[in-house]
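> Sequence first, predicted model second:
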There are 2 protein chains.
Amino acid sequence: MIGDLKEGGTFLLNAHWTAEQMNEMLPAEMKKALAVKKAKFYAIDAIGIAAKVGMGNRTNTIMQAAFFKLAQVIPYEAADEYMKAAAKKSYAKKGDAVVKKNWDAIDAAIDGLFEIPVPAEWANATSGAVAAEVPATEHFNTVIKPILAHNGDSLPVSAFNPAGIVPVGTTKFEKRGTAVNVPVWIPENCIQCNTCSLVCPHAAIRPILIANETEKPAAFITKDANLTPAEKGKYQFRIQVSPLDCTGCGSCVESCIAKVKALELKPLETQAVEATNWDFAMAQPVVKTGVSTTLVKGSQFLQPLFEFSGACAGCGETPYVKLVTQLFGDRMMIANATGCSSIYGGSAPTCPYTVNAEGHGPAWANSLFEDNAEFGFGMNLAITQRRAKLAEKVKALLAVEWASAEIKEAGQAWLDNMDDGKLSKEYGDKLVAACKDGIDLSGTPYEAEWIKNGKKCTCDACVAAEAVLADADLLTKKSVWIFGGDGWAYDIGYGGVDHVLAQGQDVNVLVLDTEVYSNTGGQSSKSTPTGSVARFAAAGKRTKKKDLGMMAMSYGYVYVASVALGTPANAAQLLKALHEAEAYKGPSLVIAYAPCINHGINMTKSQAEIKKAVEAGYWPLYRYNPALAEEGKNPFTLDSKDPTGSYRDFILGETRYASLQKQFPDVAEGLFAKAEEDAAVRLGNYKKMADK
Amino acid sequence: MIGDLKEGGTFLLNAHWTAEQMNEMLPAEMKKALAVKKAKFYAIDAIGIAAKVGMGNRTNTIMQAAFFKLAQVIPYEAADEYMKAAAKKSYAKKGDAVVKKNWDAIDAAIDGLFEIPVPAEWANATSGAVAAEVPATEHFNTVIKPILAHNGDSLPVSAFNPAGIVPVGTTKFEKRGTAVNVPVWIPENCIQCNTCSLVCPHAAIRPILIANETEKPAAFITKDANLTPAEKGKYQFRIQVSPLDCTGCGSCVESCIAKVKALELKPLETQAVEATNWDFAMAQPVVKTGVSTTLVKGSQFLQPLFEFSGACAGCGETPYVKLVTQLFGDRMMIANATGCSSIYGGSAPTCPYTVNAEGHGPAWANSLFEDNAEFGFGMNLAITQRRAKLAEKVKALLAVEWASAEIKEAGQAWLDNMDDGKLSKEYGDKLVAACKDGIDLSGTPYEAEWIKNGKKCTCDACVAAEAVLADADLLTKKSVWIFGGDGWAYDIGYGGVDHVLAQGQDVNVLVLDTEVYSNTGGQSSKSTPTGSVARFAAAGKRTKKKDLGMMAMSYGYVYVASVALGTPANAAQLLKALHEAEAYKGPSLVIAYAPCINHGINMTKSQAEIKKAVEAGYWPLYRYNPALAEEGKNPFTLDSKDPTGSYRDFILGETRYASLQKQFPDVAEGLFAKAEEDAAVRLGNYKKMADK
């Protein structure tokens, strides 16, 4: 950070530490450099100031003011005038209050800026803050670390896999510690609902189960786990936070439904013990409880295979991604469209997708904006073909008269259930064991025959068994998922989404719908609703939100669900939808409502915002299950209730709408009324479909 | 044709002429060459033989047999065996009857092949058939003719327009004379319904009106025109065929709804007089009658601005294209997707799109398969912007105090109606006339002031008027159309179609739906229905036809119609839809059912096939007009009646379905039942939407 500082240069640090604390909080190297370079050293508590003037965690205006004050590139009086004029121009449409906050921030920045004397003895400093040392893989230490330190150019080509394959599960070694405040668990208040874990965008808070008899550190406080009757008294429960992986969004605290909140935010530096507790928790085996994974509670005892991504604090998308990996991640393949999900999903050099103790986790790859559905379709095509060939091999093995009874039983059971996610794994594992155990070769043990004089047995059964074992990775039915945002699914990649859904193959499409191009900068997509302000729709979008679900439902054989988090009830519908979509032997489309910083909301309350969206009739919840039609039932179920909240109040709570009212009140009135009416018409159509 | 024949070579002609007739029917040059080259000259009436053995107009098998008989590349007995085996292999799935027909054709070919003695005096022949000389444009004579004669390489680069612009209306000079038989009008039977003209794929049969007092050739027989009461006794009516532009499909004869048919097919060579009558008819001014253009009859008195294209005889697509040009062609811009319509629409070197007497006709251009909707959207964007600027110019002109009363009146009327196709032209013409007439420049006539001492008047009014006149081509509201087939609209270009429809702009999309990729060779598209055989769906398509209309209707602000020809009642619905679509100030989608040779039907009866499709509930007719919703009415109208025909009978009448039954009877049964059920479900949904 200080490498480029010149002799006598000025160094400004955003920190809430006092001059006295600096000696302890700065690394020795930094203190040395400051002293040797005779730096002018300033500090400012920008985060504290932002919170005080009501700007949440937005520090850019404050740091800008501090820069102009210190750099004096122009007289500060002029800079002050320019910055305030610019703030007025930028934020006038968002209201006078926002302008005032920015002005206040500028003034407060100057008041809060203070110089820190650099003691001469720092030139010989040997003590101070030490970087967290995380035991990591060789790949992390030799390849990722240099890249993170901006020394990637020093790596030889041979450090990389020529096929572009990257080891997964490496974000856990970063331990970024970016949060100011992190959640702290209050065991006595906790009702063990696991909602905090469900909504966490970064998988940094998890329910932990350990067997009662497990030895544990004193600080690792637990309570009796409330699971199924059969599991009563067997396990201890704990909510474990990883303070150094948490981004401090506060979503878990906000979403806690305990009578008295079972989580509170506390400064990161007070939570060192929890980092140790986290390491202990991660070293414990994952307990498979009998609590159903169709319940929020049960789903959260499953290991997330997507963790600590680089998504924004409070991201509305990642809780969905994480949940899908909890349910199906151990046998998942993901084709990811360009967009936020491809950035936080593949933020080189680290990878947030990871594996479980068996080494199983999602295989992930990103393709272009315009062909991702096709990309995932191709994955499925390849797997389907290869598994069909494997089935032929299994049949050939079963046809050998002297193959063992175990092989014949497991093989037939596998053939009968090869397209079932759970059973294909169960019988596949049995078949592998049976093949390895031996083949009834007229009573001769398999292993002995197989390697006879250094040669493999060439009998039909052994050759056939070997062929099956060579493809053992295909025994478990794969769960193919196609991820992307609304810019992809509604716009640029829609031709492909439609084409792939139409093919009738068993792929699952998850749309992370932020109603706007998020990663590319907030442009309007066909998902953007009427009256919403976005780039290319600066005066409010005039056309209504495309009904992607309705279009997919017109095929009749596509599973479609519109889902949202926000409340345990919504989550229950979401879990139902994900399980149904995955189980359906045809194409599925799940459209998930995801709040985004582009909406102009407080991301700490993004879950509350989803709740409001559903209650206001802004975001409907439904499921269309073609399997029901085959049983002669109505395939369409409207899961959300009649609106109980005000549509208008909901949208005016988000800057993307409120700013239109401020800037173009006449236009806004018309568009908002239209949006409200369109929502009512849409609900009417859904009710008709649901025969309600 | 005979240029490459070697000395003593064999020349085979497919003609129904006798040896004696050859002297008269062959050009002198050809006779000379045959004699000089000492050719062995054979003839065969392949068309007659094909008709006799029941192969319609398919002559390939017959000509192939004749080739092997004459060329003797292998002993003919062996060739006979191979050809019959190949026919069996190719057509077994289409049924024994088809195989037998092919075998019969091979035998009949050999029986029908005869040698024609070449008289020695042909070496000095000076008389014989003479090529039709058509008075054409210089461009046709100097550029197109050499290309048609395969001498395009001899043309200099300067013969072509550097912007790629090609003169239109040039197919009329080709006079290909490809029909064997052409329709002949029987005045006494004719009820003047104009259906023959409506269904003609090549605009080669048209109703002609001439004023009663018009002098006409004796052979130009007419009858009193039955128009509106006000026009009684004023005009003579005639159905005029262009024998040399007709392809002889017979669609007009089949579609004639007179009690006793008012058309019959007769050999082309008997109809020389009609070619002369055609020229006379074309030289007459087009009469604007009071018969509404929303009626089949009235629509056909409008001049087709798309004529004599290279489409297949009996093409199901071109009658729709032609009809749209009759209704809106004089102010139309067309973006054409790749596919049949881009081939017959832009079959270099000639162009079937043409202009009326005023020089107005469609501007046409072809873009890629994947971006044609966007291409047309861009045309509309450009025109919309340019017309908005023109409106500013008109306003500036009206603001000049001394602009004439005529200018002010016409200009204001134009501004008030600039987005109305008819009125914008009417007031635009008036405005142009008023500008040209002069501006009230303190009593000074405009023309005199304008050119004073060789200089233009520089007063505000004159300058403003000149600016308006410079953009006079934009005064008439343009009708922007986007054409393409189902391969484009349902598949490759669907992403764009959807995106363009969603934008809410005033463009009209016409889908020529053959339910299969036609021009590229019969591949399955998402429009191909369940159970239909196509390339990539050789064992019957498994998924159902995509409901493109339903998907577009989900927007609520897109005009959508499903239309078909086939009967006057269907045509009335089609005309209603086209008028509504064009008038709607937003995006429109018209999906037209078009039989195709790929369906395996007798193309002479393609209109009867459409009729059956509608009656069987195979192709629904409906209109969704958002303008009705704005009036608080149900926007959806189901125009087709409950099915009166059998769905199964209909599909089994087409080889694309029947061949599946032959080849995979078990699969066929299941798929056909599913297709029938799907159609019933679809109809049920439409009825629900129509509140029926």
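Here it is on my side, so go on. Numbers count the residues shown, from 1 in each chain, chains lettered A, B, ... in the order given.
> drop to CA atoms for contacts and neighbour counts, all remaining ones
Will do.
> Would you verify that A:L368 is located in a helix?
No: assessed with DSSP: H, G, I helix; E, B strand; the rest coil, A:L368 is coil; it does not lie in a helix.
> what about it, neighbour count?
By the measure other CA atoms under 10 Å in any protein chain shown, the count of residues near A:L368 is 18.
> Next up, the contacts around it.
The contact partners of A:L368, by CA atoms under 8 Å, 6 or more residues apart in numbering or on different chains, come to A:A337, A:T338.
> Now do whichever residue of the stretch 51-200 of chain A sits closest to chain B against A:S525, distance only.
Ranked by CA to the nearest CA, the top residue of the stretch 51-200 of chain A for proximity to chain B is A:K93, at 25.7 Å. Taking CA to CA, to the nearest Å as the measure, A:K93 falls 22 Å from A:S525.
> Show me which of those two is the more surrounded one.
Between A:K93 and A:S525, counted using other CA under 10 Å, A:S525 has the larger neighbour count: 27 against 18.
> isn't that one right up against A:D513?
No: contact between A:S525 and A:D513 fails when scored by CA atoms under 8 Å: they sit 10.2 Å apart.
> Before we move on, what's the pLDDT of the closest residue to the residue of the stretch 51-200 of chain A closest to chain B other than its chain neighbours?
Spatial nearest neighbour of A:K93, chain neighbours left out: A:Q663 (4.9 Å); criterion: CA to CA, 6 or more residues apart in numbering or on different chains. Looking at A:Q663, its pLDDT stands at 87.
> Around chain B, pick out the residues from the stretch 551-692 of chain A.
With CA under 8 Å from any CA of the partner chain as the criterion, the stretch 551-692 of chain A meets chain B at residues A:M551, A:S554, A:Y555.
> Show the model's pLDDT score for the second one.
Predicted confidence (pLDDT) for A:S554: 95.
> Wait, it touches B:M553, no?
No: counting by CA under 8 Å, A:S554 does not reach B:M553; the two are 10.8 Å apart.
> More neighbours: which of the two?
It is B:M553, of A:S554 and B:M553, that has more neighbours when counted by other CA under 10 Å, with 21 against 17.
> Which helix or strand contains the nearest residue to A:D153 once chain neighbours are set aside?
Spatially, and ignoring its direct neighbours in sequence, A:D153 is nearest to A:I147 (7.8 Å; CA to CA, 6+ apart). Secondary structure from DSSP states H and E places A:I147 in helix A:145-148.
> roughly how far is that helix from the heart of the chain?
23 Å (CA atoms, centre = their mean, to the nearest Å).
> Buried residues, it. List them.
Buried positions in helix A:145-148, judged by neighbour count with 16 or more other CA atoms under 10 Å in any protein chain shown: A:K145, A:P146, A:I147.
> Stretch A:526-542 now?
Buried residues in stretch A:526-542, defined by neighbour count with 16+ other CA under 10 Å: A:526-535, A:537-542.
> same thing with stretch A:78-89?
Those would be A:A79, A:D80, A:M83, A:K84, A:A87, A:K88, for stretch A:78-89 by 16+ other CA under 10 Å.
> For stretch A:9-23, give the mean pLDDT please.
91.
> quick one on the thing from earlier: to what extent is the residue nearest to A:K93 buried, counted in neighbours?
For A:Q663, the count of nearby residues is 16 (other CA under 10 Å).
> Check the one 10 residues further on too.
Around A:A673 there are 15 other residues, counting by other CA under 10 Å.
> B:I610 versus A:A569, what's the distance?
According to CA to CA, A:A569 stands 52 Å off from B:I610.
> neighbour-wise, which of these two wins?
B:I610 (23 against 16).
> And the nearest residue to the more buried one once chain neighbours are set aside, what's its pLDDT?
Closest residue to B:I610 in three dimensions, ignoring its sequence neighbours and counting by CA to CA, 6+ apart: B:G566, at 4.9 Å. Model confidence at B:G566, given as pLDDT, is 95.
> What strand or helix carries B:G566?
Counting by DSSP H and E, B:G566 is held by no secondary-structure element, helix or strand.
> So what's the residue count around it?
23.
> which residues does it contact?
Contacts of B:G566 by CA under 8 Å, 6+ apart are B:S255, B:S606, B:Q607, B:A608, B:E609, B:I610, B:K611.
> Over to A:D506?
Going by CA under 8 Å, 6+ apart, the list of residues near A:D506 reads A:N380, A:V480, A:Y584, A:K585, A:G586, A:P587, A:S588.
> coming back round to it: can you lay out the buried residues of stretch A:78-89 as CSV showing pLDDT?
Output for the buried residues of stretch A:78-89, formatted as CSV (pLDDT from 0 to 100):
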residue, pLDDT
A:A79, 94
A:D80, 94
A:M83, 95
A:K84, 94
A:A87, 92
A:K88, 92
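> Which of those fall in strands?
Among the buried residues of stretch A:78-89, no member falls in strands (DSSP state E).
> okay, these in TSV with distance to B:T171 next?
Shown next, in TSV, are the buried residues of stretch A:78-89 (distance: CA to CA, whole Å):
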residue	distance to B:T171
A:A79	72
A:D80	73
A:M83	68
A:K84	69
A:A87	65
A:K88	65
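> possible to save these as a markdown table with distance to chain B?
Output for the buried residues of stretch A:78-89, formatted as a markdown table (distance: CA to the nearest CA, whole Å):
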| residue | distance to chain B |
| --- | --- |
| A:A79 | 41 |
| A:D80 | 42 |
| A:M83 | 37 |
| A:K84 | 37 |
| A:A87 | 33 |
| A:K88 | 33 |
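> A:K425 belongs to a strand, doesn't it?
No: in this structure, A:K425 is helix, not part of a strand, as judged by three-state DSSP.
> you'd agree it is up against A:K478?
No: A:K425 is beyond contact range of A:K478, at 9.8 Å (criterion: CA under 8 Å).
> Show me chain A divided up by domain.
The record's domain parsing of chain A by automatic domain parsing lists A:10-124, A:138-167, A:175-299, A:383-474.
> Span of the second one from start to end?
When you say that, I think you mean domain A:138-167. OK, domain A:138-167 end separation, CA to CA: 11 Å.
> do stretch A:520-534 as well
End-to-end for stretch A:520-534, by CA to CA: 12 Å.
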